[in-house]
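[1] give me the fold of what follows.
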Amino acid sequence: MTKCCALCFLIFSLMLSGLSCGRKGELPQEAKEKKKMAKKVEFEIPATRPFIYDSQGKRDPLVPLAGLEEGPKLAWLSLEGIFWDPASPMAIINDKIVGEGDKIEGAEVVEIKEDRVILRYGEEQSILRLK
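    Numbering: from 1, shown residues only. All right, here's what the predicted structure looks like:
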């Protein structure tokens, strides 16, 4: 068994030495050609063009669902009624009576009109309309 292992080792060594033919540090001719080919490979990045969304009749997913002219939608607020008096209008929002300048659940009442209430939430304004 040991003679068989020694013989296999010898054959394997000879095979490895046969693969590295040529002088030390030099590559066989095929390897040299492949290396030259690899260096010559160049590619160009195609010029980018601006992306234009084609909705194909569907809603643009990047446009908010709330109407842009009415500001952010304050879904947690519900305008239930308006007491109209030009001198001091009042509104009922979420079962609370509020006037101009009052705050309700993080939003400030900016102005009360006959059919709507204008609120400010953060830096943006929103409109609540009677349903």
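[2] helix or strand: which one has Phe12?
    Under the criterion DSSP states H and E, the helix or strand holding Phe12 is helix 2-19.
[3] what's the burial count for Met90?
    Using other CB atoms under 10 Å, Met90 has 16 other residues around it. All C-beta atoms are positioned from the backbone trio N, CA, C, and that covers glycine.
[4] and the next helix or strand past the worst-scoring helix or strand of the chain on mean pLDDT?
    The helix or strand with the lowest mean pLDDT-type score in the chain, counting by mean pLDDT, DSSP states H and E, is helix 29-40 (a mean of 65). Tracing the chain past helix 29-40, the next element assigned as helix or strand by DSSP H and E is strand 79-83.
[5] pull out the buried residues from that following strand.
    If you call a residue buried by 16 or more other CB atoms under 10 Å, then strand 79-83 has these buried ones: Leu79, Ile82.
[6] looking only at pLDDT, what's the mean for the next helix-or-strand element following it?
    Moving toward the C-terminus from strand 79-83, the first helix or strand encountered (DSSP H and E) is strand 90-93. pLDDT averaged over strand 90-93 equals 94, rounded to a whole number.
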